[in-house]
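A.B. asks: Sequence unavailable; structure follows:
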């Protein structure tokens, strides 16, 4: 059955503030669709939309975009985010999409399918897509990296230490990539593409990298089980990163690298 997470309001607010919106991949989705489409794009559905980072990026390309999520807290945050007038949100599960068969031009899900009953979700996605419509499934590896001058390798040793400490609290395997690749390989549409790694880079303060990691389910689980341990872990990692950078500022900027992967498929 599907998992219900990200329903705490503070967690949802942090999710909106710190998660990286992959605008580069949205561009790839639109380019893929433009090569296949016989008409303008009417309806996009973003399933497991969270606080709407990807949903809003789709707005300029469609007549209507609808974000769906089971979490009321996430949708509350989505409504506080600036959005085009053609973007709306509904609360509903991924396994029962509220659309007629063949009604939708694009179904997308970002860093969410591993929480769904994915077989039921994919059946629903196939049902609601029109012939020529697109399915776009995105996620990213949890081992993010940092770049900063000639000390990037040292920083990433610390990042790996942070990542390894959180694995014991994770409900998922170390590398979700294989789960998504297997899903892609078994998908029946013959016209499909897999991208194994797209490095999405953002310049952020060190504290924002820490805050991004703290939005993950692994950290949230650790925080719930032992808040003192979780706080100590993040604080210790922050101090180690600042020590390597030799910064007198508490918040120097680094390049955060999020390693996305995705697959696209066009319905026959």
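C.D. replies: That came through, no problem. Note that the coordinates shown come from a computational prediction; the quantities given were computed from them, not determined experimentally.

A.B. asks: What's the end-to-end length of stretch 82-97?
C.D. replies: 25 Å (C-alpha to C-alpha, to the nearest Å).

A.B. asks: quick one: contacts of that stretch?
C.D. replies: With contact meaning C-beta atoms under 8 Å, 6 or more residues apart in numbering, stretch 82-97 is reached by 2, 45, 47-49, 52, 55-56, 58-60, 62-72, 75, 78-79, 98, 104, 107, 109, 112-113, 116-117, 120-121, 124-125, 127-128. (C-beta placed from N, C-alpha, C; glycine too.)

A.B. asks: Same question for stretch 228-236.
C.D. replies: By C-beta under 8 Å, 6+ apart, stretch 228-236 touches 162, 165, 166, 210, 213, 214, 219, 222, 223.

A.B. asks: Nearest to residue 185 among the residues you listed?
C.D. replies: residue 166 (28.4 Å; C-beta to C-beta).

A.B. asks: element containing the closest one?
C.D. replies: Using DSSP states H and E, residue 166 sits in helix 152-167.

A.B. asks: And residue 180, by the same measure?
C.D. replies: helix 177-186.

A.B. asks: So which other helices or strands are in contact with that helix?
C.D. replies: The contact analysis (3 or more C-beta pairs under 8 Å, 6 or more residues apart in numbering; DSSP states H and E) places helix 177-186 against strand 129-140, strand 191-205, strand 253-266.

A.B. asks: average model confidence for the second one?
C.D. replies: This points to strand 191-205. Averaging pLDDT along strand 191-205 gives 96.

A.B. asks: Can you give me the neighbour number for residue 199?
C.D. replies: 10 (other C-beta atoms under 10 Å).
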